[in-house]
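In: just coords:
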Ligand code: UD1
């Protein structure tokens, strides 16, 4: 019976691994073992997703926690290697490690596995922003170059991997597993009371998220973004669930009072998956620096103004609903007006973002 070590660590991993675990349930000869590194540990960034997405409790929890990149990656490597070695010594070696996305846990698990000769499958392979200032770009490059099964969500990923010299027999275009979760949950989200609770009307508010170090770790950049959000909130109410990284920067830079004082902005704690989907799926526009949200907005056909200079998910711009506005207030304002007056370009959902990516992934894993 093939044993798969399925690695999750941070918030965006959970919605990607959930459908893969559900698809494994259809293959009684597979033995998936869920390992949670604990990169994210707050209830709102972790436990809530396990409950809402019906992810089984982790078989192994490593409790790594936060730290600088070096500290966190070092601890991840040590503990993941121990876990893999213990399973080998206990006579139950893993046949394959399955990693998703591009967080530090993804890269560390890959590195620990290949040194122990365990093959790695990477879900969401091949995405490139070509911006090496992003920690995720380093994680993506290392993970892809060491994985032997590259499971790709969009065509650009196939092209990038080929350009990097990956042979075709390692690459599979399987579609977007995050959309599996979205399609499974969107009806349930529509029944949530959060819009009422917040006094919002369907289709007449903006959802904002921001947590990228490039946007929130520099005081002047963050100040500029806040100014933009305050401007936006004069035309549309803004709902802003604040990531812990952003919260701590807003506090330390002394920028929180200005944001709290803006009448049109509702600051919230990070939300669970269902409430957040309830908000995004019924919003007028999404303003974000999240990669996953660019994809979700594309599937939801909600305009997405992306506060980044580049994207590793170009299909969300070429076919979807996302437009890159960087941190330029004028550009954001221009696109926001287009959304409000109905001239914003309508996107469509790319091929293979059909709710069945996890089935295709598990079929590939079982035959690899
Ligand atoms: C990580 C991922 C990023 C992903 C994001 C989603 C990397 C390099 N980055 O960034 O790709 O988009 O998750 O959230 O892996 N903290 C808490 N509670 C937690 C976890 C973190 O308060 O449960 C705080 C800590 O102060 C920590 C900070 O958030 O230092 C940043 O956490 P970290 O995991 O280092 O990176 P994220 O910014 O969350």
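Out: Good, I have the coordinates. Treat the numbers as computed from the prediction; the structure is a model and nothing was measured. Numbers count the residues shown, from 1 in each chain.
In: list the contacts of the longest helix along the chain.
Out: Assignment by DSSP state H gives helix 69-89 as the longest helix of the chain. By C-beta atoms under 8 Å, 6 or more residues apart in numbering, the surrounding residues in contact with helix 69-89 are 3, 5, 7, 9, 33, 35, 37, 39, 60, 62, 64-67, 93-94, 97, 104-105, 107-109, 111-113, 115-116, 118, 135. From N, CA and C alone the C-beta is placed, and that goes for glycine too.
In: the helix or strand just after that helix to helix 69-89, inter-axis angle?
Out: Where DSSP states H and E defines the elements, the next helix or strand beyond helix 69-89 is strand 96-100. Between strand 96-100 and helix 69-89, the angle comes out at 150 degrees (axes from the mean of the first three to the mean of the last three C-alpha atoms, to 10 degrees).
In: and strand 96-100, what's its mean pLDDT?
Out: Strand 96-100 shows a mean pLDDT of 98.
In: do that strand and the ligand come into contact?
Out: No: for strand 96-100, no contact with the ligand is found by C-beta under 6 Å from any ligand atom; the gap never falls below 11.7 Å.
In: which one is the residue of the stretch 201-350 of the chain found nearest the ligand nearest to, not counting chain neighbours?
Out: Nearest residue of the stretch 201-350 of the chain to the ligand (C-beta to the nearest ligand atom) works out as residue 244 at 3.2 Å. Spatial nearest neighbour of residue 244, excluding adjacent residues (C-beta to C-beta, 6 or more residues apart in numbering): residue 42 at 6.6 Å.
In: same check on residue 114?
Out: residue 146 (4.7 Å).
In: list the contacts of that neighbour.
Out: Residues near residue 146 by C-beta under 8 Å, 6+ apart: 110-111, 114, 120.
In: would you check how far apart it and residue 107 are?
Out: Applying C-beta to C-beta, to the nearest Å, the value for residue 146 to residue 107 is 9 Å.
In: up against the ligand, what does the stretch 101-250 of the chain have?
Out: So far as C-beta under 6 Å from any ligand atom goes, the stretch 101-250 of the chain lies against the ligand at 102-104, 135-136, 211, 243-245, 248.
In: export the residues you listed to CSV and tack on secondary structure and distance to residue 167?
Out: Putting these into CSV (DSSP: H, G, I helix; E, B strand; the rest coil; distance: C-beta to C-beta, whole Å) gives the following:
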residue, secondary structure, distance to residue 167
102, coil, 22
103, coil, 26
104, helix, 27
135, helix, 28
136, helix, 25
211, coil, 36
243, coil, 38
244, helix, 41
245, helix, 38
248, helix, 44
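In: most surrounded residue in these?
Out: When neighbours are counted by other C-beta atoms under 10 Å, residue 102 leads these with 29 neighbours.
In: which ones are touching the nearest residue to that one once chain neighbours are set aside?
Out: Nearest residue to residue 102 in three dimensions, chain neighbours excluded: residue 136, at 4.1 Å (C-beta to C-beta, 6+ apart). Contact analysis of residue 136 by C-beta under 8 Å, 6+ apart lists 102-103, 129, 291, 312.
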